[in-house]
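[1] Sequence and predicted structure below; questions after.
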Amino acid sequence: MKKLFSLLAVIGIVALSNCSQIPENNDPILGIWANTQTSTIEGKGSSTTREEWIFNDVYLGRYQSYSNSKLVFYTDFKWSEENGTYSIIYGDPQVTDITVNLEHASDPEILTLENGSVFATRD
């Protein structure tokens, strides 16, 4: 009898878990955002630094920093949105948490800091 109740309990749990829906997140920030800077040093050529933020639909993401196409640093982050303002909270204390705004009117779309300067563009 205990086996029957255990079997029914397992079937009930499986049935209930399969019926639940995960809400779809279609936030406009989803995707890859980048900031690329090139600097020229006399006699040594140029150096390119690229930062990437990859936002996924479960409010998590990955930050990556490249120097001359070589990965030099990466960490994960959490993100949230409130009234059009996005907060990025990094998992590594080497990187400072930041707040950005999404500018829909520009092409390509850009993320701006609170002072209006460009933080990243959609890749």
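    Thanks, I have the structure now. What you see is a predicted model, and the numbers here were worked out from it, not measured in a lab. Numbers count the residues shown, from 1 in each chain.
[2] Name the SS class of Pro28, please.
    coil (DSSP: H, G, I helix; E, B strand; the rest coil).
[3] hey, what's the closest residue to it other than its chain neighbours bridged with?
    Excluding the flanking residues, the one nearest Pro28 by Cβ to Cβ, 6 or more residues apart in numbering is Leu102, at 6.1 Å. In this view, the C-beta of every residue, glycine as well, is placed from N, C-alpha and C. Counting by DSSP bridges, Leu102 is bridged to Leu111.
[4] Would you check how far apart Leu102 and Thr85 are?
    9 Å (Cβ to Cβ, to the nearest Å).
[5] Now the longest strand out of those in the chain: buried residues?
    Using DSSP state E, we find that the single longest strand of the chain is strand 70-82. Under the neighbour-count criterion of 16 or more other Cβ atoms under 10 Å, strand 70-82 has Phe77, Trp79 buried.
[6] what does that strand rub up against?
    27, 29, 53, 55, 59-66, 86-92, 94-95 (Cβ atoms under 8 Å, 6 or more residues apart in numbering).
[7] any idea of the mean pLDDT for it?
    Across strand 70-82, pLDDT averages out at 96.
[8] can you pull the alpha-carbon coordinates of that strand into CSV?
    Extracted C-alpha coordinates of strand 70-82, given in CSV (Å, rounded to 0.1, in the frame of the first residue of the first chain):
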residue,chain,number,x,y,z
LYS,A,70,42.4,37.9,-26.4
LEU,A,71,40.0,37.3,-23.4
VAL,A,72,41.5,38.9,-20.3
PHE,A,73,38.6,39.0,-17.9
TYR,A,74,35.1,37.6,-17.5
THR,A,75,32.5,37.4,-14.8
ASP,A,76,28.8,36.7,-14.4
PHE,A,77,26.2,39.3,-13.5
LYS,A,78,22.6,39.7,-12.4
TRP,A,79,20.4,42.3,-14.0
SER,A,80,17.1,43.9,-13.2
GLU,A,81,14.8,46.5,-14.8
GLU,A,82,12.7,49.1,-13.0
